[in-house]
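**Student:** quick check, what structure comes out for this input:
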Amino acid sequence: MSFTARVKDELSRLDGRCDACSYAELSAIVRVCGTLTLSGRARHSIRVSTETGAVARTMIRLTHELFDLETPLTVRRSNLHKARNYLIEIPEQDKLAAALVRLGIVTPDAGLVGGVPEGLLARRCCKEAFVRGAFMAGGFIADPRGDFHLEIAVAGDELAHGIRALLAELGVKARLNRRRGTPVLYLKSFEDISLLLCLMGARRSARAIESVRKVKSLKNDVNRRVNAELANQARSTGAALRQLQLIDEADRLIGVRRLPPALEEFCVMRRRHPDVSFAQLGRLFVPPVSKSALYHRVLRLQDVVEESAGRRSRAGGGKAQLASGRRPPRDGTGS
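**Tutor:** Numbers count the residues shown, from 1 in each chain. Down below sits the predicted model:
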């Protein structure tokens with residue numbers, strides 16, 4: 001079962017918090033995935049087509065409970081997509097015209113209501129029920145293990161703008177786009193999706209995406225830490241390599257044993273431990289030496305090498321080439 005089907009199955013098992021909620025929910029279902037046929041004044045029929053069994057079950061249950069209308073159901077299977085399609089027909093019957101007026105789909109004088117039926121949505125719970133019906137009829141939510149994405153496809157710009165305003169009133173920010181000429185309301189933020197699921201009553205599904213979000217956050221944090229550690233290791237390795245090149249140059253020009261004791265000690269320890277960071281290297285000294293002190297020893301060694309190379313250059317009439325011609329960078333790695 002897809003995540004969308006799981007959410008809709010959860011929603012289909014909810015009851016409205018007041019008597020008017022069921023009318024609001026049924027109105028939204030009929031508006032979003034139903035087709036109204038007019039065959040004369042006050043002569044109507046409705047066809048509702050859906051691929052979700054939970055939607056078909058809710059549609060039939062509410063229609064029977066609220067209006068006791070006949071609702072023949074046909075189940076068809078697509079040979080191409082191997083999916084079921086549920087076709088619910090509400091044929092012309094005496095009670096249908098009054099039901100459509102009660103649902104805010106047509107006016108008492110048989111005119112069509114284009115947008116959201118304001119008369120049905122006096123209470124907040126009824127507004128939430130209307131959004132629930134709209135999502136069940138035309139909604140999709142991606143598996144949260146991928147991207148966070150929820151959308152509701154509706155028929156007609158007026159209804160789309162009405163639902164968007166309704167969502168904004170409930171605290172949910174939805175964007176409006178068009179796909180193949182059909183208005184689509186969509187959410188990309190985890191916070192808005194989670195809030196909408198809770199408002200519609202799908203609290204179990206909201207907890208599921210919250211759990212997935214925590215796992216994603218943990219994985220992202222681990223990846224950031226690993227990447228930072230790898231970058232630190234790369235910087236540390238590069239700094240150590242430049243220090244070893246400087247030590248080799250000092251050994252060639254002067255000889256490590258002829259250096260001042262502090263510099264000789266640094267050269268011996270760095271050659272002995274070529275792969276460790278400055279902080280780790282400092283802890284190996286007896287007594288331990290700070291990173292700052294080690295860095296100053298490297299600067300002093302750089303100056304000694306440059307002075308020695310300069311004297312040799314003047315004596316030999318040429319220009320000595322150093323392995324490192326600039327100040328060594330600080331080792332930015334931690335302990």
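
**Student:** let's check: the centremost residue of the chain is which one?
**Tutor:** By C-alpha atoms, centre = their mean, the chain has its centre lying nearest to Phe148, at 4.2 Å.

**Student:** my guess is that one meets Ser189, correct?
**Tutor:** Yes. Contact status for Phe148 versus Ser189: in contact at 7.0 Å, counting by C-beta atoms under 8 Å. C-betas here are computed from N, CA, C, even on glycine.

**Student:** circling back to that earlier point, report the contact partners of the closest residue to the residue nearest to the centre of the chain other than its chain neighbours.
**Tutor:** Taking C-beta to C-beta, 6 or more residues apart in numbering as the measure, Phe148 lies nearest to Phe190, with 4.9 Å between them; neighbours along the chain are not counted. Going by C-beta atoms under 8 Å, 6 or more residues apart in numbering, Phe190 touches Phe148, Ile209, Arg213.

**Student:** and if you look at His296?
**Tutor:** The neighbourhood of His296, defined by C-beta under 8 Å, 6+ apart, contains no residues.

**Student:** sec struct for it, please.
**Tutor:** The local conformation at His296, judged by DSSP: H, G, I helix; E, B strand; the rest coil, is helix.

**Student:** tell me which element Leu263 is part of?
**Tutor:** helix 261-272 (DSSP states H and E).

**Student:** distance from that helix to the middle of the chain?
**Tutor:** 52 Å (C-alpha atoms, centre = their mean, to the nearest Å).

**Student:** quick one: the strands in the stretch 1-150 of the chain, in order.
**Tutor:** For the stretch 1-150 of the chain, the strands defined by DSSP state E, counting those that start in this stretch occupy 34-38, 44-50, 73-77, 84-90, 139-141, 150-153.

**Student:** what number of residues lie near Ser45?
**Tutor:** The number of residues packed near Ser45 is 15, by other C-beta atoms under 10 Å.

**Student:** for it, what are its contacts?
**Tutor:** Contacts for Ser45 (C-beta under 8 Å, 6+ apart) come out as Leu36, Thr37, Ser39, Glu89, Ile90, Pro91, Glu92, Leu96.

**Student:** quick one: the second one from Arg57, how far?
**Tutor:** This points to Thr37. In this structure, Thr37 and Arg57 are separated by 23 Å, where distance is defined by C-beta to C-beta, to the nearest Å.

**Student:** between those two, which one's more packed in?
**Tutor:** Regarding Thr37 and Arg57, a neighbour count based on other C-beta under 10 Å identifies Arg57 as having more, with 17 against 11.

**Student:** for the nearest residue to that one once chain neighbours are set aside, give its distance to Leu62.
**Tutor:** Leaving aside its sequence neighbours, Arg57 sits nearest to Ser12 (C-beta to C-beta, 6+ apart; 5.8 Å). Distance, Ser12 to Leu62, using C-beta to C-beta: 10 Å.

**Student:** give me the more crowded residue out of the two.
**Tutor:** The residue with more neighbours, out of Ser12 and Leu62, is Leu62; 21 against 18, by other C-beta under 10 Å.

**Student:** I'd like to know how far the more buried one sits from Leu69.
**Tutor:** Taking C-beta to C-beta, one finds Leu62 at 10 Å from Leu69.

**Student:** ok, now Leu103?
**Tutor:** Plainly put, Leu103 is 11 Å away from Leu69 if you go by C-beta to C-beta.

**Student:** neighbour-wise, which of these two wins?
**Tutor:** Between Leu103 and Leu69, counting by other C-beta under 10 Å, Leu103 is the more crowded of the two (22 against 16).

**Student:** what does stretch 250-268 contact?
**Tutor:** With contacts defined as C-beta under 8 Å, 6+ apart, stretch 250-268 is touched by 247, 285, 294, 297-298, 300-301, 304-305, 308-309, 312, 320.

**Student:** ok, those residues vs Val226, which is closest?
**Tutor:** Leu294 (26.8 Å; C-beta to C-beta).

**Student:** was I right to think that closest one contacts Gln280?
**Tutor:** No. With contact defined as C-beta under 8 Å, Leu294 does not reach Gln280; the gap is 10.7 Å.

**Student:** between those two, which contacts overlap?
**Tutor:** Any residue near both Leu294 and Gln280 by C-beta under 8 Å, 6+ apart counts here, and not one turns up.

**Student:** how is the protein carved up into domains?
**Tutor:** Following automatic domain parsing, the chain resolves into domains at 3-201, 228-316.
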